[in-house]
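Q: Attaching a predicted model along with its sequence, questions to come.
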Amino acid sequence: MKRRKKQNTKLLKQESRHQKKQYFERLHRVMRDLGNPKAWGLLNSATYEMAYETRLRPHKFVAPVSGRYTISNSILKALNKDLSHLLQASYIELKNLKKRMSLYDYSLYAEMVFMMYRNVDVNKGVDAEAFRSCFPLFTDDLEPTRLDALMEINEKIILLCSYHSDVSGLMLRTVSNSELEDGQKWGPTCFFNNHVLDIMKAEKEPMKIDGHTRLVQQVYILGEKGFEALTRTPADLGIGGPMKDYPLKVYIQQHVFERIAERLSPHFAQHNYLFILPALVSPEPVKTGRSLSFLFPVTFGGIKLGYLVADVLGDRLVVRTFLLLTHNGTPEGDRLNELLGLKKADSKYWGIDRLKTLLFSDIEQNEKLKSLFCEAGCGGLFKVNKKLLEYGSHKEIATADMLSHYLGIE
């Protein structure tokens, strides 16, 4: 047992030395890119030791120290993997140098060089003026660039929280230490770029709808002060009367997520926050043929996918289901059925009420069929990224010829 501990200690020391070496190699490259290559040799070993001990750490999501809800290690790991990838793949322009640098390198190394530049006077035995003269970039107006980098990193963090949030499950945001209660305060040093997660879980409750008991949950949106209950007014929906400004609490039925998984894909059902919330705050819902029933357009990446169907029930606006753009009951779906001469049962039989059929069949290669889909306003569905459907097989389904023959299209 003692021998194993000694071996582990030795390996840890070797790994620590390797990480330290890699850090200095990268810091050296960034220092060279930002200024004069001679800058590296102007600092002594004590200065570099201090720089390593006070180095900036990578931006990272961390779980809340305490709270009502917890986050799984798998989600936390996915969040941090995605954040690292986004920061490494995003660049900021260093205009004075006519160069660009990844946000990842900028936040860790360029900011570190700037800290060394700013605090070089405290290092004994170092010619501070000579070191500063190597970095004319820092004497210019660097603050706008630093603010741009900070804002872009913050946007990535908000995006990832939204992407990994689930309206039907856990919803995520990050909080500053000042927002945490006294009993929850987390004490990282100023050299850590940690982002503490705040978590909220949607609570399901039974509700009588059309004489049946259905599971629904209230919808929350990320506001400036945290998670806030989403409300819409009758006036927002084009309904007048003395109660037109009375807030309607927005609820969503569990059936909606089942239909999204079936008609779009499980991926869309899991990562639903990014398109359900924007749909429900849409300023112009579409009225249906039924009183107090509305269609909220669902878009993703600029492509309209379909509609959330919501009804006003008492003091609530309840989202009942999701319709793909090609479905009966949507403006585009009704127009498509007119052009093709299809009934609801036909659409189901041929599978055109599911996104999978449109993306993995040969309908898009049939110019006459595709033109009819485009004329009805459904052409954007062919542009959806197939990877988002997460189906195992991408084998093309031969549908176009049989469908054309059935419709009598030559």
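A: Now that the structure is in, tell me what you want to look at.

Q: residue nearest the centroid of this structure?
A: By C-alpha atoms, centre = their mean, the chain has its centre lying nearest to residue 163, at 2.9 Å.

Q: Double-check that residue against residue 273; I have them as touching.
A: Yes. In this structure, residue 163 is within contact of residue 273 by C-beta atoms under 8 Å, at 7.4 Å. C-beta here means a position set from N, CA and C on the backbone, and glycine is covered the same way.

Q: average model confidence for the host helix or strand of residue 132?
A: Applying DSSP states H and E as the criterion places residue 132 in helix 128-133. The average pLDDT within helix 128-133 is 92.

Q: buried set for it?
A: By neighbour count with 16 or more other C-beta atoms under 10 Å, helix 128-133 contains the buried residues 131-132.

Q: moving C-terminal of it, what's the next helix or strand?
A: For helix 128-133, the succeeding helix or strand toward the C-terminus, using DSSP H and E, is helix 136-139.

Q: That following helix: what's the following helix or strand?
A: Per DSSP H and E, helix 136-139 leads on to helix 143-163 as the next helix or strand towards the C-terminus.

Q: What segments of the stretch 51-200 of the chain are helices?
A: In the stretch 51-200 of the chain, the helices defined using DSSP state H, counting those that start in this stretch lie at 73-89, 103-105, 111-119, 128-133, 136-139, 143-163.

Q: Mind putting those helices into JSON lines with distance to residue 236?
A: Output for these, formatted as JSON lines (distance: least, C-beta to C-beta, whole Å):
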{"stretch": "helix 73-89", "distance to residue 236": "33"}
{"stretch": "helix 103-105", "distance to residue 236": "38"}
{"stretch": "helix 111-119", "distance to residue 236": "44"}
{"stretch": "helix 128-133", "distance to residue 236": "57"}
{"stretch": "helix 136-139", "distance to residue 236": "50"}
{"stretch": "helix 143-163", "distance to residue 236": "22"}
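
Q: from these, which stretch is densest packed?
A: Neighbour counts (mean count of other C-beta atoms under 10 Å) averaged over each of the helices of the stretch 51-200 of the chain peak at helix 103-105, with a mean of 20.

Q: Show the end-to-end separation of stretch 223-230, please.
A: In stretch 223-230, first residue to last residue: 10 Å (C-alpha to C-alpha, to the nearest Å).

Q: Just checking the distance from it to the centre of its chain.
A: In terms of C-alpha atoms, centre = their mean, to the nearest Å, the centre of stretch 223-230 is found 17 Å from the chain centre.

Q: got the buried residues for that stretch?
A: For stretch 223-230, a neighbour-count test (16+ other C-beta under 10 Å) marks 227, 230 as buried.

Q: what's it in contact with?
A: Stretch 223-230 is contacted from outside by 171, 173, 175, 179, 198, 200, 218-222, 249-250, 277, 280-281, using C-beta atoms under 8 Å, 6 or more residues apart in numbering.

Q: Quick check on these: which are buried?
A: Among the contacts of stretch 223-230, those scoring as buried are 171, 173, 198, 200, 218-222, 250, 277, 280 (criterion: 16+ other C-beta under 10 Å).

Q: Look up how far residue 263 lies from the residue nearest to residue 300 when sequence neighbours are not counted.
A: Nearest residue to residue 300 in three dimensions, chain neighbours excluded: residue 275, at 4.8 Å (C-beta to C-beta, 6 or more residues apart in numbering). Counting by C-beta to C-beta, to the nearest Å, the gap from residue 275 to residue 263 is 13 Å.

Q: returning to what we had before: same question for the residue nearest to residue 300, what's its three-state structure.
A: What DSSP: H, G, I helix; E, B strand; the rest coil gives for residue 275 is helix.

Q: coming back round to it: nearest to residue 97, of the helices of the stretch 51-200 of the chain?
A: helix 136-139 (6.1 Å; C-beta to C-beta).

Q: now what about that closest one, what contacts it?
A: Contact partners of helix 136-139, identified using C-beta under 8 Å, 6+ apart, comprise 34-35, 94, 96-97, 114, 117-118, 132.

Q: for it, the distance to its chain's centre please.
A: Computed by C-alpha atoms, centre = their mean, the chain-centroid distance of helix 136-139 equals 35 Å.

Q: in a strand, that's where residue 309 is, yeah?
A: Yes. Per three-state DSSP, residue 309 lies within a strand segment.

Q: what's across from it in the sheet?
A: Applying DSSP bridges to residue 309 gives these bridge partners: residue 295, residue 321.

Q: Can you name the residues that contact it?
A: Residue 309 is in contact with 288, 293-296, 319-323, 329, counting by C-beta under 8 Å, 6+ apart.

Q: shaky segments in the stretch 101-250 of the chain?
A: 140-141, 176-189 (pLDDT under 70).

Q: Next, residue 210: phi, psi?
A: Note on residue 210: its backbone torsions stand at phi 50, psi 40 [degrees, to the nearest 10].
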